[in-house]
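**Q** everything below, folded, please.
(one chain, ligands or ions: 1)
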Amino acid sequence: MNHFFSIDQLSQSEIMMLLKLAKKYKSYSPNVDKKIFGANLFFEPSTRTKMSFIVAQRKLGIDVLDFNESVSSTKKGESLYDTARTFEAIGANFLVIRHQSDRWMDELKDISIPIINAGAGKSEHPTQCLLDLLTIYDSFEQFKDLKISIVGDIKHSRVAHSNIKALQKLGADVYVSAPPGLEDDKLKTPNITVDQAVELSDVVMLLRVQSERHIGKNETKTDYLEKYGLTKLREKRMKKNAIILHPAPINRGIEIDSTLVECDRSRIFNQMENGVYVRMALMMKLLQDWGVLKHENVIEERNAIL
Ligand code: NCD
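**A** Okay, here's the model as predicted:
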């Protein structure tokens, strides 16, 4: 694998391999027998993604170089490229980057240590996609012909953009349900109403209204939940085994009725837990592909062979 910038880089079998490896890591953590530094460069707020990368890194025995953008040299005008080159120069073995630009990776092609995309503007969020896939796989053990509706602010959602591509590649039937003005005209995915979505779907994936990415005045309406969100009444019309996903953070009472966040169908906190395991799997694969880690550096694997 090259830098991990887009979910498009993974074939169907590579995705399945990562999901199976992540599932294995639910019961044991391999440990890296080598000094490896991973730098987490978050230029946008994050709780789940950043913290689950850190937990995954610590479980693997990787040293975490934390970076706080608000007190970094970014405030003196340093570019993303120079920040990345700095971490490379001081000995980071790989970078995890989240940035508000859709195409931040274009300026980092020449960085010679592996880079993982932890969120790029509105365009891609491939590790969120992997954890969503694992959560769906945990419930259904397959993707083929599953009906999956992604509901909400499609236009500004990097989560939707990565998931649509991956789920279609895996054979799922993907629908979107976007309120007026929040559709993405470039997508060919069928746009249905939220009422249709709850009735036909095996998976209803809700999205946060990304107000910070809305240009101009576009306040969230007080009737958003009733018109476009998952209300208690709509949840009752979902299929028997259908599940609810949401990448979080959640606007309770806007995309979803607050009482549904932890209902039986909800897998929202399972998604967060799965984030740790898919990120462990991805980092192990990437570091091995780049030769940063050799098989003999991975303690559990060596013990398993002996
Ligand atoms: C998502 C993101 O940052 O794109 N959050 C996450 O990583 N779990 C979704 C969002 O912010 O709404």
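
**Q** where's the closest residue in space to Tyr28 that isn't next to it in sequence relative to Phe53, distance?
**A** Using Cβ to Cβ, 6 or more residues apart in numbering and skipping residues adjacent in sequence, the residue nearest Tyr28 is Glu300, 6.1 Å away. No exception for glycine: its C-beta is placed from N, CA and C like everyone else's. Note on Glu300: its distance to Phe53, by Cβ to Cβ, to the nearest Å, is 20 Å.

**Q** the two - which one has more neighbours?
**A** Higher neighbour count among Glu300 and Phe53: Phe53, with 27 against 15, using other Cβ atoms under 10 Å.

**Q** show the average pLDDT along stretch 245-254.
**A** For stretch 245-254, mean pLDDT rounds to 96.

**Q** centre of the chain to that stretch, how far?
**A** 14 Å (Cα atoms, centre = their mean, to the nearest Å).

**Q** so what touches that stretch?
**A** With contacts defined as Cβ atoms under 8 Å, 6 or more residues apart in numbering, stretch 245-254 is touched by 47-48, 125, 128, 132, 135-136, 159, 203-209, 220, 224-225, 229, 255-256, 258, 261, 266-268, 271-272.

**Q** now the strands for the stretch 1-150 of the chain?
**A** Assigned by DSSP state E, counting those that start in this stretch, the strands in the stretch 1-150 of the chain fall at 37-42, 63-66, 94-99, 115-120, 147-151.

**Q** the ligand: which of the ones you listed is closest?
**A** strand 115-120 (4.9 Å; Cβ to the nearest ligand atom).

**Q** in this structure, which spans are helices?
**A** Counting by DSSP state H, the chain has these helices, from start to end: 12-24, 48-60, 80-89, 126-140, 158-169, 194-200, 224-228, 232-236, 268-289, 299-305.

**Q** now tabulate these in TSV and tack on distance to Asn68.
**A** Converted to TSV, the helices of the chain look like this (distance: least, Cβ to Cβ, whole Å):
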stretch	distance to Asn68
helix 12-24	28
helix 48-60	11
helix 80-89	12
helix 126-140	21
helix 158-169	22
helix 194-200	39
helix 224-228	33
helix 232-236	39
helix 268-289	20
helix 299-305	31
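
**Q** dump these to JSON lines, plus mean pLDDT.
**A** Converted to JSON lines, the helices of the chain look like this (pLDDT from 0 to 100):
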{"stretch": "helix 12-24", "mean pLDDT": "97"}
{"stretch": "helix 48-60", "mean pLDDT": "98"}
{"stretch": "helix 80-89", "mean pLDDT": "98"}
{"stretch": "helix 126-140", "mean pLDDT": "98"}
{"stretch": "helix 158-169", "mean pLDDT": "98"}
{"stretch": "helix 194-200", "mean pLDDT": "98"}
{"stretch": "helix 224-228", "mean pLDDT": "96"}
{"stretch": "helix 232-236", "mean pLDDT": "98"}
{"stretch": "helix 268-289", "mean pLDDT": "98"}
{"stretch": "helix 299-305", "mean pLDDT": "67"}
